[in-house]
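Enquirer: Give me a model of this one.
(one chain, ligands or ions: 2)
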Amino acid sequence: YIPQYMNIRTSQDPGGFSPLVCFILISANILRVFFWFLKGFELTLLCQSVMMIAAQLVLLELIVRVQLKNRPSKRFAMENFWQWDYFGEYLAFLGLFVFSIATVTILNKLIFGSVWITEAVGGLALMIESTLAMPQFYSNWKAKATGGLSSQLIDVDEEEALEELYVMTRRRATMDEHVLLAKPPEAAKNTLAGISLTNKIKVKLKPDLEVAVPQNIGPPYGSLEMPIPTNAAESTSNGFPTHITKVCCIGAGYVGGPTCAVIADRCPHIKVTIVDISVERIRLWNEGPLPIYEPGLEEVVGRCRGRNLFFTTDVTRAIEEAELIFVSVNTPTKTSGLGAGMAADLKYIEAATRMIVDASTSNKIIVEKSTVPCRTAQSILTILENNCRPNVCFQVLSNPEFLAEGTAIADLQAPDRILIGGMNSPAGKDAQEALVKIYSNWVPRKRIITTNLWSSELSKLAANAMLAQRISSVNALSALCEATGADIDEVATAVGWDTRIGPNFLKAGVGFGGSCFHKDILNLVYLCESLNLPEVAHYWKQVVDLNEYQKTRFVRKIISNLFHTVSNKRIAILGFAFKKNTGDTRETPALTVVDCLLAEDAQLSIYDPVVSHEQMLEDISSLRRPNGTSNITLNTDVYEACKEADALVVCTEWDQFKTLDYKRIYQSMRKPAFIFDGRLILDPIELRQIGFSVEIIGKSQPITSAWK
Ligand SMILES: NC(=O)c1ccc[n+]([C@@H]2O[C@H](COP(=O)([O-])OP(=O)(O)OC[C@H]3O[C@@H](n4cnc5c(N)ncnc54)[C@H](O)[C@@H]3O)[C@@H](O)[C@H]2O)c1
Ligand SMILES: O=c1ccn([C@@H]2O[C@H](COP(=O)(O)OP(=O)(O)O[C@H]3O[C@H](CO)[C@@H](O)[C@H](O)[C@H]3O)[C@@H](O)[C@H]2O)c(=O)[nH]1
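Expert: Ligands and ions are numbered 1, 2, ... in the order given. Here you go, the predicted structure:
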C-alpha cells in the first residue's frame with residue numbers, strides 16, 4: 001500500500017482506488033484483534049492486524065482529503081456510507097464499531113463463555129476480509145480498466161503499457177470516438193496498469209473498450225505553484241538552447257491554437273505565448289467563446305491559460321523573449337499571379353519570417369508548423385541570414401502538423417508520430433534535439449522521427465495526398481457500385497480487411513473537404529509541374545478532379561431523382577461543416593451542393609449544429625449567385641429545416657442525424673419525400689419502411705426478385 005499511497009499523493013487523485021478497501025481491512029482487522037482476546041492466537045498475527053489498521057487509517061485519511069477536492073460534498077449519513085467528507089466522521093463510525101464488538105467480547109469473556117460467539121467473531125473477520133477484492137473489482141468493472149491500482153501492485157511493464165494505451169487511443173480516435181487523454185502523466189500510468197492487467201488475464205480487448213480517462217479530472221496537473229523559469233535556458237557550444245523554457249507561436253488558428261495549448265498543458269515548465277495579427281481572434285482566445293470549435297479544447301485551454309499559456313497581439317515582445325518559435329500561419333492557394341489556383345501563397349510565411357528577424361536580439365530556433373512546399377525552409381533561412389542582427393543566429397526546423405479537425409486534441413495528445421526535419425549540422429542536430437525534448441514530455445521517443453528538412457516538408461504533402469487519394473479511390477468505386485448493384489460499404493470493408501490496405505479512411509461520401517487536402521494536393525501538383533515532372537503532376541491532379549466529379553455527381557443524382565427539376569422545390573441541407581465535430585466550412589462539399597442547387601433555382605433550408613449563420617451567409621455570398629442569399633433559410637432547429645421540404649440532403653455526418661425522429665420528419669414533408677445521404681450514415685431499410693425514397697452514395701436500390 002505504500003506505492004498506492006505515493007501515487008495518490010503525487011497525482012492528488014484517488015483515481016479508481018476504492019476507499020471501501022480501507023473499510024474492509026480496518027473492520028476485518030478490528031474483529032481479528034478482538035478474536036485474539038477471545039482465542040489468543042499468535043502474537044505476530046496480532047501485530048500484523050494492528051499494523052494493518054494503522055496503515056489503512058493513514059491511507060484513508062489521504063483519500064478523504066484528496067477526494068473532497070475532486071467531488072461534491074456528501075453529508076454524514078447512512079445513504080452516503082463510507083463516502084463522507086471528513087476523516088473524523090470515519091473515526092466516529094469506527095469508534096461505534098469498536099464499542100459494539102468490545103461489548104460482545106467482554107460479555108462473552110466474562111458471562112457467556114460461548115465458543116459460538118468466539119468463532120462468530122473470528123469467522124466474521126474472515127468473511128469481511130474475503131470480500132476485499134469486491135469494491136475494487138466493482139469500480140474497475142465500472143470503469144472497464146484497472147485505474148486506481150498502482151502498477152507496482154499488479155506488476156506491469158509501463159513501457160509496454162504506454163504503447164498499448166497509445167494504440168488504443170489512436171484506434172478510438174480513428175473510429176471517430178473522441179478520446180481525451182486529459183489525465184496527467186502520473187495518473188495516466190494508473191490507467192495503463194489497467195490495460196496491461198486486462199491483457200494479463202487474457203481478456204481480448206474489445207475495440208470499444210473504454211480507456212478509463214474521465215474528461216473532467218479535477219485539478220490540473222503541473223500545479224499552479226510550479227514556477228515558470230525565468231533564467232536563461234541551457235545552451236550548447238553551438239549557441240542554441242537545449243532545454244527550452246519559452247516558446248512563441250505565430251498564428252492562433254486551427255493549428256497554432258490547439259497545438260500550443262497542448263504543449264502548454266503537457267509541459268507546465270514551458271511558457272507558451274501564442275500571437276496573431278488578428279485582434280479579434282486573440283480577444284476570443286482570451287475571453288471566449290474560443291474562436292474555433294474543437295472537442296476538448298476548452299478544457300485544455302482552461303487548465304493552462306494565465307498559468308503558462310498566453311495569447312497576445314504583442315508579436316515583437318513574444319518573439320524577443322522566446323527561444324523557439326513555431327510558425328503556424330495560413331498558407332492558402334494563390335488566387336492571382338503566377339501559379340494562381342495551384343501554388344501555395346507564401347506571403348504570410350515571409351511576413352512572419354521578417355517579423356521574427358526584426359524582433360530577434362538572441363539566437364532562436366524557428367519551426368515551420370505550417371504546410372509548405374518542399375524547400376521553403378531554404379527561403380526562410382535566406383531571409384533570416386540576410387537580415388539578422390550581428391551575432392544572432394537561427395536554426396530552421398520543419399515540424400509539420402498531422403492533426404485532423406474534430407479530433408485535434410486526441411491527435412495532439414497521442415500522435416501517431418512527430419516528424420522533425422533539421423539541418424545535418426551540429427547546430428541543426430541540437431535544434432532538433434531541443435524540439436524532441438519538448439515532445440518527449442508526453443510522446444514516446446520512438447514515435448518522434450527526425451529527418452532532413454526536405455524529407456519532412458515533403459512528407460506532409462505526401463501524407464495528405466495519399467489520404468485524399470484513398471478517399472478518391474473509394475469514391476470512384478462508389479460510382480461503380482451504383483452502376484453494378486454492389487454496396488460501397490461492403491466493398492470497402494472487404495478490401496480494408498486486407499492488412500496491407502487497412503480499414504481507415506475508406507468511407508465513401510460526397511467528397512472530401514477541409515482547408516488542407518484540396519490546397520495541399522494542388523500545391524504538390526504545382527511543385528511537380530515546376531520540377532518538370534508532368535506525369536507525376538497529372539497523377540496527383542486526378543485525386544482532386546475525381547473529388548470534384550463526386551460532388552457534382554451527387555447533385556446530379558439529387559436533380560434526376562427529383563424529376564429533373566428542383567426549381568422552387570424546398571430542399572433541406574443537413575450539415576454545412578466539412579466534417580462532423582468541427583465548425584470549419586473551408587472547402588466544404590456542402591457549399592458545392594448548395595451552389596449547384598441554387599443554380600437550379602431551388603429553395604434551400606440549411607441546418608448545422610455548430611456552424612454559425614454568419615459563417616454560412618458569408619460562404620454562400622462568396623458564390624455570387626444572382627439572387628444572393630434570398631433563396632436560403634437558415635435554421636436553428638433541424639425539424640423546422642425539414643418542414644415542408646421535398647427532399648433532405650445529408651452533407652455532414654453529424655451523429656445527431658442518425659437518431660432524428662424520421663417518422664415526424666416524414667409527416668411534415670411534401671410527398672414523395674426524398675432523402676439523399678451523402679455521408680452513408682442513415683439506415684435505408686428503416687427509412688424506406690417509413691415511406692421515404694432513399695438514395696445513398698455507392699448503394700443502388702435493393703435487388704428485386706419474385707423469389708423472397
Ligand atoms: N487546419 C488544419 O487542420 C491543419 C492541419 C495541419 C496543418 N495545417 C496547416 O497549418 C497552417 C495553418 O493552418 P490553420 O488552419 O491554423 O490556419 P488559420 O487561418 O486558422 O490560422 C492562421 C492564423 O495565422 C495568422 N497570421 C497570418 N499571418 C500572420 C502574421 N504575420 N503574424 C501573426 N499571425 C499571422 C492569421 O491571422 C490566422 O489567425 C496552414 O499551413 C495549414 O495548411 C492545417
Ligand atoms: O474515409 C473518409 C475520411 C475522410 N473523408 C472526408 O475527408 C475530409 C478530410 O477529413 P479529415 O482528414 O478527417 O480532416 P482534416 O482536418 O482535413 O485533416 C486532414 O488534413 C490535415 C491538414 O493538413 C492533416 O493534418 C490531417 O492529417 C488530415 O487527415 C472530410 O471532408 C471528410 O469528410 C471522407 O470522405 N472519407
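
Enquirer: So residue 634 lies in a strand, does it not?
Expert: Yes - with DSSP: H, G, I helix; E, B strand; the rest coil as the criterion, residue 634 is assigned to a strand.

Enquirer: Give the burial count for it, as a bare number.
Expert: Neighbour count of residue 634, defined by other C-beta atoms under 10 Å: 20. In short, each C-beta sits where N, CA and C put it, glycine included.

Enquirer: And it, how far from ligand 2?
Expert: 21 Å (C-beta to the nearest ligand atom, to the nearest Å).

Enquirer: isn't that residue right next to residue 613, touching?
Expert: Yes - between residue 634 and residue 613 there is a contact under C-beta atoms under 8 Å: 4.6 Å.

Enquirer: For whatever residue of the chain ends up closest to ligand 1, what are phi and psi?
Expert: Closest approach between the chain and ligand 1, counting by C-beta to the nearest ligand atom: residue 253, at 1.9 Å. With angles defined as degrees, to the nearest 10, residue 253 sits at phi -100, psi -150.

Enquirer: Equivalent analysis for residue 557, please.
Expert: Per-residue torsions, residue 557: phi -60, psi -40 (degrees, to the nearest 10).

Enquirer: nearest spatial neighbour of it, skipping sequence neighbours?
Expert: Closest residue to residue 557 apart from its sequence neighbours, by C-beta to C-beta, 6 or more residues apart in numbering: residue 695 at 5.9 Å.

Enquirer: my read is that neighbour is in a helix, agree?
Expert: No - the assignment for residue 695 by three-state DSSP gives strand, which leaves it out of any helix.

Enquirer: what sits against it?
Expert: Contacts of residue 695 were listed using C-beta atoms under 8 Å, 6 or more residues apart in numbering, and they are 557-558, 561, 674-677.

Enquirer: Low-confidence ranges, this structure, go.
Expert: 144-238, 701-704, 708 (pLDDT under 70).

Enquirer: And residue 118, which helix or strand is it part of?
Expert: helix 115-130 (DSSP states H and E).

Enquirer: Write out the residues of the stretch 151-300 of the chain neighbouring ligand 1.
Expert: 250-256, 275-278, 281 (C-beta under 6 Å from any ligand atom).

Enquirer: What subset of these is buried?
Expert: 250-256, 275-277, 281 (16 or more other C-beta atoms under 10 Å).

Enquirer: Can you pull the residues of the stretch 351-500 of the chain lying near ligand 1?
Expert: Counting by C-beta under 6 Å from any ligand atom, the stretch 351-500 of the chain comes close to ligand 1 at 351-352, 355, 370-371, 401, 403, 405.

Enquirer: One more pass at 5 Å, please.
Expert: Residues of the stretch 351-500 of the chain lying near ligand 1 by C-beta under 5 Å from any ligand atom: 351-352, 370-371, 401, 405.

Enquirer: Give me the buried entries from the residues you listed.
Expert: The neighbour-count criterion (16+ other C-beta under 10 Å) marks 352, 370-371, 401, 405 among these as buried.

Enquirer: picking that back up, so what sits against both of residue 634 and residue 613?
Expert: Counting by C-beta under 8 Å, 6+ apart, residue 634 and residue 613 have no shared contacts at all.

Enquirer: How about the secondary structure of residue 504?
Expert: Strictly by three-state DSSP, residue 504 counts as coil.

Enquirer: go on, residue 252?
Expert: Secondary structure assignment for residue 252 (three-state DSSP): coil.

Enquirer: What helix or strand is the closest residue in space to residue 514 that isn't next to it in sequence located in?
Expert: Spatial nearest neighbour of residue 514, chain neighbours left out: residue 578 (4.7 Å); criterion: C-beta to C-beta, 6+ apart. Using DSSP H and E, residue 578 falls within no helix or strand.

Enquirer: circling back: closest one to ligand 2 out of the residues of the stretch 351-500 of the chain next to ligand 1, please.
Expert: Looking across those and measuring by C-beta to the nearest ligand atom, the closest to ligand 2 is residue 405, at 3.6 Å.

Enquirer: can you pull the contacts of the closest residue to that closest one other than its chain neighbours?
Expert: Once flanking residues are discounted, residue 405 sits nearest to residue 582: 4.2 Å by C-beta to C-beta, 6+ apart. When contacts are counted by C-beta under 8 Å, 6+ apart, residue 582 touches 293-294, 405-406, 610.

Enquirer: thinking again about what came up before, now what about the helix holding residue 118, what contacts it?
Expert: Helix 115-130 has contacts (C-beta under 8 Å, 6+ apart) with 24-25, 27-29, 31-32, 34-35, 38-39, 101, 104-105, 108.

Enquirer: which among the residues you listed end up buried?
Expert: Buried by 16+ other C-beta under 10 Å: 24-25, 27-29, 31-32, 34-35, 38, 101, 105, 108, out of the contacts of helix 115-130.

Enquirer: got the residues you listed as CSV, with secondary structure columns?
Expert: Converted to CSV, those look like this (three-state DSSP):
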residue, secondary structure
24, helix
25, helix
27, helix
28, helix
29, helix
31, helix
32, helix
34, helix
35, helix
38, helix
101, helix
105, helix
108, helix
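
Enquirer: re earlier: and the gap between the residue nearest to residue 405 and residue 606?
Expert: In this structure, residue 582 and residue 606 are 16 Å apart, going by C-beta to C-beta, to the nearest Å.

Enquirer: go on, residue 476?
Expert: Computed as C-beta to C-beta, the residue 476 to residue 606 distance reads 28 Å.
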